[in-house]
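1. Okay, predicted coordinates and the sequence, questions at the end:
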Amino acid sequence: MNEETPLGPLPDPAGHDELSPTARQLQDALAARAAGVQPTDRLEEIHMTSRANRRRSRTRGGLVAAGVAAVVVVGGGAFALTQRGDDNVTTVASTASSSTSPSSSTPSTSSSTPAADSTPMSSQPTGSGGTSAATSLTSAPATSTAGGTGGTLPTGATSVPVYWLGGQPAKLYREYVKAGSGANDATNALRAMLSGSPTDPDYSSPWSKDATATVSESGGKLVVDVAASAASGSTGDATLALQQLVYTVTAAAGDDQPIELRVGGKAGQSVFGTSVPASLSRAPQADVQAPAWITSVSPSAGSVTVKGVGTGFEGTLLYTLTNAAGAEVARDSVQAGANGTFAEFSFTAAVPAGTYTLSVFAPDESDGEGAGPVGDTKTVTIP
């Protein structure tokens, strides 16, 4: 005879009620499942999905009504409330749990400042040198709209995402930079990437400047056109250089469409001595992106609060603060995404006044036989 669980009030979470074996097993299974949920950095994915849905809606001739949607991340204690209007999605409120848990997907630099995707460019750092005020390195645009002179590509963002190369072995790191006057956000991001002017001096780009480069849409793909001179230099990894372009353009376009790269208006050309495939797409994040990025640094008297994005073995990253003499004044671990899944991290370190090199990196799991840890560094001044 099958055991039946009687109907009644919900079980006491403190465990003071009497549960049948079946109900107890169900409760334990749900608790284990919830404990394994890991928040991830999905800002670009959310933007891409939103813009793709709007394109499909316009094709059908439908009207999208304004509304409010709540994005909830369970397991890290974080949530972000987003408001959807006719042409964009804006974060209007967010909260996060303690510093050892991944924060919400749109970090704010302090409790009194707006979420990172609405931070004005005036708060962007002008270099990797120290600062005595909170600086956000991930100020995503909040004013970008679809349509306009760029066709269906979004336009009007005051800052755009650009990926750079850094570290050994080289990986991709993202910054937001001031947008130019191109026809759409993707064109502005592409031209910024080609200009080769990252904020962090540890980052670089093998591409050369091309103020006439463009991004357009055609036949369900993004068409990127650059001058032959833009790819006339040399690089040790042409494949990663192409991924730098793909990640930059698709992030700014808000849509992970395949890319056709044209050189001087012609497809099927070569860049950096390598033939370009007919279609380019994003490689897996874990293959090309750095395992740790520092996205926000907030110094205060006697301490610094750091936020970023990363992934490590069993979700563990390490951080250090080193003074001018090379001595470590702080070292600890912080939880991020696990085993190739990226998630945000946050920590606060207590340090005396001074200027330090901040490093966040994934531990070397090769027992010294691999290339060593790869991470991100910033210079920070504590008042």
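-> Great, that's in hand. Residues are numbered from 1 along each chain as shown.
2. tell me the contacts of the closest residue to residue 228 other than its chain neighbours?
-> Distance criterion Cβ to Cβ, 6 or more residues apart in numbering; nearest residue to residue 228, sequence neighbours excluded, is residue 264 at 4.8 Å. All C-beta spots, glycine's among them, are computed from the backbone N, C-alpha and C. Contact analysis of residue 264 by Cβ atoms under 8 Å, 6 or more residues apart in numbering lists 225, 227-228.
3. For residue 317, see how far away residue 264 is.
-> In this view, residue 264 and residue 317 are 43 Å apart by Cβ to Cβ, to the nearest Å.
4. go on, residue 188?
-> 32 Å.
5. Check residue 187 too.
-> Plainly put, residue 187 is 35 Å away from residue 317 if you go by Cβ to Cβ.
6. now do residue 247
-> Separation of residue 247 from residue 317 (Cβ to Cβ) stands at 21 Å.
7. tell me which strands and helices the helix or strand harbouring residue 295 is in contact with?
-> Assigned by DSSP states H and E, residue 295 belongs to strand 292-300. Here strand 292-300 touches strand 135-136, strand 303-312, strand 354-361, strand 375-382, going by 3 or more Cβ pairs under 8 Å, 6 or more residues apart in numbering; DSSP states H and E.
8. could you redo the last one with a cut-off of 6 Å?
-> strand 303-312, strand 354-361, strand 375-382 (3 or more Cβ pairs under 6 Å, 6 or more residues apart in numbering; DSSP states H and E).
9. where does the chain dip in pLDDT?
-> In the predicted model, the chain carries pLDDT under 70 at residues 1-20, 23, 31-151, 366-372.
10. Tell me where it has helices.
-> Counting by DSSP state H, the chain has helices at residues 21-35, 43-60, 185-195, 238-253, 285-288.
11. May I see the buried residues of stretch 323-330?
-> Residues of stretch 323-330 classed as buried: 329-330 (neighbour count, 16 or more other Cβ atoms under 10 Å).
12. Show the contacting residues for residue 229.
-> By Cβ atoms under 6 Å, 6 or more residues apart in numbering, the contact set of residue 229 is residue 208.
13. quick one on the thing from earlier: which one (most neighbours) among the contacts of residue 264?
-> Neighbour counts for the contacts of residue 264, by other Cβ atoms under 10 Å, peak at residue 225, which reaches 21 neighbours.
14. can you tell me which residues contact that residue?
-> Contacts of residue 225 (Cβ under 6 Å, 6+ apart): 214, 262.
15. Can I get stretch 307-325 in CSV, CA atoms only?
-> This file holds the C-alpha atoms of stretch 307-325, laid out as CSV (Å, rounded to 0.1, in the frame of the first residue of the first chain):
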residue,chain,number,x,y,z
LYS,A,307,33.6,43.7,-6.9
GLY,A,308,34.1,41.7,-10.0
VAL,A,309,33.3,38.7,-12.1
GLY,A,310,35.0,35.3,-12.2
THR,A,311,35.2,31.6,-12.1
GLY,A,312,37.4,29.1,-10.3
PHE,A,313,37.8,25.6,-9.1
GLU,A,314,34.8,24.9,-6.8
GLY,A,315,34.1,28.7,-7.0
THR,A,316,37.2,29.9,-5.3
LEU,A,317,39.3,32.9,-6.3
LEU,A,318,42.1,34.5,-4.3
TYR,A,319,43.0,38.1,-3.8
THR,A,320,46.1,40.0,-2.5
LEU,A,321,47.0,43.5,-1.7
THR,A,322,50.7,44.3,-2.0
ASN,A,323,52.5,47.5,-0.9
ALA,A,324,55.2,49.4,-2.8
ALA,A,325,57.9,47.2,-1.2
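16. The closest residue to residue 211 other than its chain neighbours - how many residues pack around it?
-> Spatial nearest neighbour of residue 211, chain neighbours left out: residue 191 (6.3 Å); criterion: Cβ to Cβ, 6+ apart. Counted with other Cβ under 10 Å, residues neighbouring residue 191 total 24.
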